[in-house]
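1. sequence plus the predicted model coming up.
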Amino acid sequence: MPRHHVKRCAIYTRRSAVHRGDPRVRSCLLQYQRCLRLIERRGWIPIPEGFDDDGWSGADSDRPALIRMIERARDGAFDQVIIDRVDRLTRSFEDWIWLGQIFRQFGVGVSVADVDRDLDSNALSSFQLNTLAIFAELEHSMIVARLRDAHAARRAHGARTSGGVPFGYLADRYTKQLVPVRDEAEVVTWMFERADEGACAADIAREANERFSGREWHARAVLRVLRNPRYAGRLKTGEPGIHAPIVAPELFDRVVATIEERRTRAPSKRTPLEHDDSFLLRGLLVCERCGSRMTTTSTSTKADPIDDRRRTKPQRRYYRCRGHGCRGTQLEAGWIETAVIQLLVSPSSSLPTVEHERLSRVGRIWEVLLPQNRRRLLLATFESVTWNSRRRSIVAILRTEIASDDPQNGSE
């Protein structure tokens, strides 16, 4: 009789929140043990490498262990992925189909220990697992809806629900409500008073840098402070809050009215981080002259006034620096984005081994990532990206290390 192939199995586990407690009963460990029992029943063998996303949501596929597992599947490190339940791999039906296609492309199967089913073993098993994936997404949607209702109830009472803590406040350890910080609150109060006297944001930023230490201010940061209703004791939506205000509501309203009177054009709507965000390096690109984060801009296409079927020049995208006192750096978006992708796909051999391997891991899975996950992965990999015009090279600062590469003339 022919000998059956003994499959090498990778076990993937995940839980959304990290809780303190007995490590022997943590969720990822229990999932691993259940998956291991399935492997033993089938006579397969587990690989030593573990893939645990401890504290990561299953709503999207941007998870370090999952990305690493996809990379190892591409390298042929195992034949089968074992998960405890469908919702441990993902809570998105779209991602479930996508992951199935990726693993199928690499010749890797998927088994679910909870129901003892394989994704592609037969039509009925595939139908059952696909149905479970739909229910996993439904369950996630219901959880989100319950949280949304709870947040709405808290907001109705003026309580803070989530979000960042603005300058001038800290979040109470137990109630999570905003509490003023005296030194920072004095800076905020001074800014509102100067704005009420007629000073523009750029002047306030310059004076703040001269007068206060510990933080560098620029015009946009000042405008964010002056437009933030939390400083008037209100919620982000403008409704009354229960936290203590830093400035009087009347002063806040006067300052906001003054800012709006000075506006020369309608505010543009910022593109969310989704499929339609055309700027891959939004929030990452840094001006080489002043060190400020570069903003995005594009030329819009307009219909020909005579023939609306004809278009003028196609849309062009740019990254620009609007830092105070900067001469203004401008980079064509398509070119600089291509250079950064090249840094990932073909990192310089002169880089240290750890940095070279880290960039290579990202580059190897770049083509199989969904569009919305590519920018998320860049944000998780890089702290900042700068174009050095003198050396004609990219300088990319990793989250923990520094890497540099030259897309035109080799490494620095």
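-> That came through, no problem.

2. so how far is the strand or helix carrying residue 225 off the chain centroid?
-> Taking DSSP states H and E as the criterion, the element that holds residue 225 is helix 219-226. Mean-position distance between helix 219-226 and its chain equals 23 Å (CA atoms, centre = their mean, to the nearest Å).

3. likewise for stretch 115-133?
-> Computed by CA atoms, centre = their mean, the chain-centroid distance of stretch 115-133 equals 31 Å.

4. distance between the ends of it?
-> Using CA to CA, to the nearest Å, one end of stretch 115-133 lies 13 Å from the other.

5. before we move on, what about stretch 215-230?
-> Across stretch 215-230, the terminal residues are separated by 20 Å (CA to CA).

6. contacting residues around that stretch?
-> Stretch 215-230 is contacted from outside by 166-169, 178, 188, 191-192, 195, 200-202, 204-205, 208-209, 231, 235-238, 241, 243, 252, 255-256, 259, 292, 322-324, using CB atoms under 8 Å, 6 or more residues apart in numbering. All C-beta spots, glycine's among them, are computed from the backbone N, C-alpha and C.

7. gap between residue 57 and residue 376?
-> Applying CB to CB, to the nearest Å, the value for residue 57 to residue 376 is 12 Å.

8. what's the first helix or strand after the helix holding residue 225?
-> Later in the chain than helix 219-226, the nearest helix or strand by DSSP H and E is helix 249-262.

9. that next one versus helix 219-226: what angle between them?
-> Computed with axes from the mean of the first three to the mean of the last three CA atoms, to 10 degrees, the direction of helix 249-262 lies at 140 degrees from that of helix 219-226.

10. low pLDDT regions in the stretch 151-300 of the chain?
-> For the stretch 151-300 of the chain, the stretches with pLDDT under 70 are 264-277, 299-300.

11. again, 90 this time
-> For the stretch 151-300 of the chain, applying pLDDT under 90 flags the ranges 151-165, 171-177, 212-216, 218-220, 234-241, 259-300.

12. where do the strands sit along the stretch 101-250 of the chain?
-> Taking DSSP state E, counting those that start in this stretch to define them, one finds strands in the stretch 101-250 of the chain at 109-112, 117-118, 169-171, 178-180.

13. now those in CSV, with mean neighbour count and distance to residue 368?
-> Below are the strands of the stretch 101-250 of the chain laid out as CSV (neighbours: other CB atoms under 10 Å; distance: least, CB to CB, whole Å):
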stretch, mean neighbour count, distance to residue 368
strand 109-112, 22, 16
strand 117-118, 17, 22
strand 169-171, 16, 39
strand 178-180, 18, 43
